[in-house]
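Asks: Okay, here's the prediction I keep looking at, along with the sequence it came from:
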Amino acid sequence: MTDHLDLNTLLATPYLTSDLPGIGGKIRSTMEDFLVDEVPLYLPCGEGEHLYLKVKKSGLNTQDVVKELAQIFNIHPKDFGVAGQKDKYAITQQWISLPFRGTGLETPEEATNIKAEGFEVLEAHLHANKLKMGHLKANRFEITIRTDTPEAPERIESLLDAIRAKGIPNYYGQQRFGNRNNTFIMGWNALVKSEIAPPLRKNSKLKRFALNSVQSAIFNRVLAERVLGDELHKAVPGDILEKKEGGLLRVDEENLAEASGYVQNGEMSPTGPMVGSRMLEPNDEVRRRESAAQADFEVEDSHLEAYRSLLRGERRVLRIVPEDLELLEANAEFIRIGFLLPSGAYATVLLRELMKADTY
């Protein structure tokens, strides 16, 4: 059990804009308050064996829609492909792929006649390959925050300016750890204590997700320490920086000043650990910090080795700068903003910085 771990401290995610007051408020008061439009890595080319459907949904998560389509076409859900999972409590648009053969359709366009409770098909085209997780460039958000804070309209401008200049910590959102951290707790017990909870025995995807939540907790711990130390916008000896256009740079004493310049101007960002057997290890001070964060959760390398097929490890950027961040409307009752985030980033993390309140 994790009772001896101080999860309130270990899972804390301090604000980057702690010097600025928030606007308070609530999100998802209605479905229309949370709009998400997937920006694909590529568009279907019009030829091939796979049918790509652009789906608009509300009140359903991605897997709910896949199950409905599987019944409509009598095709097994495992043959469907998605680039990312979208929330239930939002109006979202995303692409879903399935084998065209066996659908019973004469042309892809016939699929646009599909309208079911909670979703509809907007577009349908053929493509050569199945859509896979990660085949996603970004997500575009339009979000309304309902607030009764009179100062909200004037506060929001300063907050947005700060985020445009500084970016946001690339924390994993609370949804990664589950209600009352239950997902994390199941993952930690499996990883550290070799105690597999009944739900994990029956569901391999849930088991992987629970283990991943422990990786995410260690990452967030490293990132939180960096935020508290005011080091998110500078390079540290031992850092592994990720270039905006791809590629990595190791930081040492000789290139420290130059590397810090790259971080400050946004050309590169420091990375943190998603621990695992294949993760690229940093050096010097950064390696010491990451090892300490892992030890805080009592995770040993031998634990990771036991799950090497599920926890391969990678580097993840510690900071992201939202694109197209704009204030769409502001008054005494609500604030509406629009922005673009890369795949894997959490909109709720940005909203926390604005609201200074829980968003889960």
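Replies: Okay, I see it. Residues are numbered from 1 along each chain as shown.

Asks: Assign a three-state SS to the closest residue in space to residue 110 that isn't next to it in sequence, would you?
Replies: Using C-beta to C-beta, 6 or more residues apart in numbering and skipping residues adjacent in sequence, the residue nearest residue 110 is residue 124, 7.6 Å away. (Each C-beta comes from the backbone N, C-alpha and C, glycine too.) What DSSP: H, G, I helix; E, B strand; the rest coil gives for residue 124 is strand.

Asks: Okay, and the beta partners of residue 124?
Replies: Assessed by DSSP bridges, residue 124 has beta-bridge partners residue 53.

Asks: From residue 179, how far off is it?
Replies: Relative to residue 179, residue 124 is positioned 37 Å away (C-beta to C-beta, to the nearest Å).

Asks: surely the residue nearest to residue 110 meets residue 55?
Replies: No: shown here, residue 124 and residue 55 do not form a contact pair, counting by C-beta atoms under 8 Å, at 9.8 Å.

Asks: which of these two has more neighbours?
Replies: Neighbour count, other C-beta atoms under 10 Å: between residue 124 and residue 55, residue 55 has more, with 27 against 22.

Asks: thinking again about what came up before, contact partners for the residue nearest to residue 110?
Replies: Neighbour list for residue 124: 51-54, 108-112 [criterion: C-beta atoms under 8 Å, 6 or more residues apart in numbering].

Asks: mind putting the residues you listed in JSON lines, distance to residue 246, pLDDT and neighbour count included?
Replies: Putting the contacts of residue 124 into JSON lines (distance: C-beta to C-beta, whole Å; pLDDT from 0 to 100; neighbours: other C-beta atoms under 10 Å) gives the following:
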{"residue": "51", "distance to residue 246": "31", "pLDDT": "98", "neighbour count": "23"}
{"residue": "52", "distance to residue 246": "26", "pLDDT": "98", "neighbour count": "26"}
{"residue": "53", "distance to residue 246": "30", "pLDDT": "98", "neighbour count": "25"}
{"residue": "54", "distance to residue 246": "28", "pLDDT": "98", "neighbour count": "21"}
{"residue": "108", "distance to residue 246": "33", "pLDDT": "97", "neighbour count": "19"}
{"residue": "109", "distance to residue 246": "37", "pLDDT": "97", "neighbour count": "11"}
{"residue": "110", "distance to residue 246": "40", "pLDDT": "97", "neighbour count": "13"}
{"residue": "111", "distance to residue 246": "35", "pLDDT": "97", "neighbour count": "23"}
{"residue": "112", "distance to residue 246": "36", "pLDDT": "97", "neighbour count": "14"}
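
Asks: can you list those residues in JSON lines and add distance to residue 230?
Replies: Output for those, formatted as JSON lines (distance: C-beta to C-beta, whole Å):
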{"residue": "51", "distance to residue 230": "50"}
{"residue": "52", "distance to residue 230": "45"}
{"residue": "53", "distance to residue 230": "46"}
{"residue": "54", "distance to residue 230": "43"}
{"residue": "108", "distance to residue 230": "53"}
{"residue": "109", "distance to residue 230": "55"}
{"residue": "110", "distance to residue 230": "57"}
{"residue": "111", "distance to residue 230": "52"}
{"residue": "112", "distance to residue 230": "52"}
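
Asks: from those residues, which is closest to residue 228?
Replies: residue 54 (42.4 Å; C-beta to C-beta).

Asks: And for the closest residue to the closest one other than its chain neighbours, the neighbour number?
Replies: Spatial nearest neighbour of residue 54, excluding adjacent residues (C-beta to C-beta, 6+ apart): residue 123 at 3.9 Å. Close neighbours of residue 123, defined as other C-beta under 10 Å, add up to 17.
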